[in-house]
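J.: Kindly generate the corresponding structure for this input.
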Amino acid sequence: MKKYIYISALFFIGNISLAVVGYGQSYEIYQGDTINRIDANNLKQGLWKIFNRTKNLPGYEPDQIVEEGSFKDSRKIGVWKRFFPNGNIQDEIEYSNNRPNGYYKTYFENGQVQEEGVWKNNRNIGTFKRFYENGQVSQEFNFNESGKRDGNQKYYYDNGQLMIEGDWSAGKESGIVKEYYENGELKAEKNFEGGVLDPEKTKTYEPKKPIKEKVEPKTPIANVTVEKNEKPNPSVSSKFNGDGYAKLFNLNKQVSKDGIFKSYKLMDGKWFKYDENGILIRIEIYKDGRYIGDGVIDEK
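T.: Sure thing, here's the model as predicted:
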């Protein structure tokens with residue numbers, strides 16, 4: 001027996017039409033496509049385009065798409081995309097059962113790729129690349145299934161020249177790690193065992209050619225600052241003034257940043273990132289104000 005759904009109301013918002021149908025169901029028509037469908041069980045299904053009229057994010061127009069992707073029973077699946085206010089893609093992340101799981105790619109606002117890799121079980125695995133905003137590769141890492149760096153690892157200068165190359169085992173330097181000057185000449189050969197440097201086996205080399213004095217960005221410059229909604233633990237008597245050690249919490253009382261700060265900027269420590277459901281999806285580690293890698297999320 002066929003079941004019929006009758007439209008009880010139809011609204012138009014710009015180039016979007018919203019249909020409210022029987023049994024609590026609804027959907028929208030956008031450029032000829034059916035989107036944003038809610039079924040009889042009040043669950044999100046199919047393709048969704050999230051407009052800024054529901055997010056109210058600064059810099060976006062109300063009818064501008066902020067993110068888009070597919071739902072199955074109100075859980076994110078497949079590739080989801082977020083967008084900058086200028087319309088360029090901010091990131092593309094593959095989801096499974098509402099969690100990031102699979103290939104992902106993030107971008108700078110100018111359209112250049114910022115980072116790409118594979119995310120599984122709350123950690124990076126396999127090949128990982130990070131880029132400078134000028135398009136040059138900054139880091140080429142390899143992660144094992146446990147999310148620890150393993151195998152050949154490379155760092156580059158922003159001119160494309162190799163900076164550091166060596167092997168890691170279970171997240172620690174192992175064997176000879178070579179460092180290079182920006183002109184490509186060998187700078188040092190350092191011997192590690194289990195992440196511990198052996199100074200007696202370290203060799204350093206003076207440059208054969210004059211090196212231009214320049215601040216060498218080891219990684220893309222980060223600016224991880226304290227946000228308005230982040231507060232220190234209220235049980236701690238001392239007041240945080242933007243300098244020194246602090247453990248900060250978000251509005252959900254989850255740890256958001258933990259480390260040493262200078263003028264409210266994270267210099268040495270960890271930045272804990274959560275998705276919209278409050279699930280911890282990433283831990284970024286910073287040293288001297290620069291990103292140096294990801295921490296492993298323990299699933300217990």
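
J.: So what are the sheet partners of whichever strand or helix holds L197 and their directions?
T.: In the assignment (DSSP states H and E), L197 maps to strand 196-204. Sheet partners assigned to strand 196-204 using DSSP bridges are listed as strand 186-193 (antiparallel).

J.: Extract the C-alpha trace of the strand it pairs with and format it as PDB.
T.: Only the C-alpha atoms of strand 186-193 are listed here, as PDB (Å, rounded to 0.1, in the frame of the first residue of the first chain):
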ATOM      1  CA  LEU A 186      74.800  19.300   5.700                       C
ATOM      2  CA  LYS A 187      74.600  21.000   9.100                       C
ATOM      3  CA  ALA A 188      74.700  18.100  11.600                       C
ATOM      4  CA  GLU A 189      74.400  14.300  12.000                       C
ATOM      5  CA  LYS A 190      72.900  13.300  15.400                       C
ATOM      6  CA  ASN A 191      72.700   9.800  16.700                       C
ATOM      7  CA  PHE A 192      69.700   8.800  18.800                       C
ATOM      8  CA  GLU A 193      68.700   5.700  20.600                       C
END
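
J.: After the strand holding L197, which helix or strand is next?
T.: Note on strand 196-204: by DSSP H and E, the next helix or strand toward the C-terminus is strand 231-232.

J.: Can you name the residues in contact with that following strand?
T.: Here strand 231-232 makes contact (C-beta atoms under 8 Å, 6 or more residues apart in numbering) with 240, 246-249. For the C-beta atoms, the positions are set from N, CA and C on the backbone; glycine is no exception.

J.: roughly how far is the strand holding L197 from the heart of the chain?
T.: Distance, stretch centre to chain centre, for strand 196-204: 34 Å (C-alpha atoms, centre = their mean, to the nearest Å).

J.: What's the mean pLDDT across it?
T.: Strand 196-204 carries an average pLDDT of 90.

J.: ok, now stretch 272-289?
T.: Here stretch 272-289 scores 83 as its mean pLDDT.

J.: just the contacts of strand 231-232 now: which is nearest K44?
T.: Lowest distance from K44 to the contacts of strand 231-232 (C-beta to C-beta) belongs to F249, with 29.6 Å.

J.: residue ranges with poor pLDDT in the stretch 151-300 of the chain?
T.: 210-222, 234-238, 297-300 (pLDDT under 70).

J.: cutoff 80 now
T.: Residue ranges of the stretch 151-300 of the chain with pLDDT under 80: 209-223, 233-239, 275-279, 293-300.

J.: one step back: list the buried residues for the strand holding L197?
T.: Residues of strand 196-204 classed as buried: none (neighbour count, 16 or more other C-beta atoms under 10 Å).

J.: Could I get the CA-only coordinates of that strand as PDB?
T.: In PDB, the C-alpha atoms belonging to strand 196-204 read as follows (Å, rounded to 0.1, in the frame of the first residue of the first chain):
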ATOM      1  CA  VAL A 196      67.900  10.000  23.600                       C
ATOM      2  CA  LEU A 197      70.700  11.900  21.900                       C
ATOM      3  CA  ASP A 198      74.300  10.500  22.100                       C
ATOM      4  CA  PRO A 199      76.400  13.700  22.100                       C
ATOM      5  CA  GLU A 200      79.600  11.800  21.500                       C
ATOM      6  CA  LYS A 201      78.400  10.500  18.200                       C
ATOM      7  CA  THR A 202      77.000  13.900  17.100                       C
ATOM      8  CA  LYS A 203      78.800  15.600  14.200                       C
ATOM      9  CA  THR A 204      78.400  19.300  13.200                       C
END
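
J.: Need the residues that contact it.
T.: Strand 196-204 is contacted from outside by 173, 187-192, using C-beta under 8 Å, 6+ apart.

J.: Is there a quick ChimeraX command that grabs whichever of the residues you listed are buried?
T.: Buried residues within those, by 16+ other C-beta under 10 Å, are selected in ChimeraX with:
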select :173,187,190,191,192
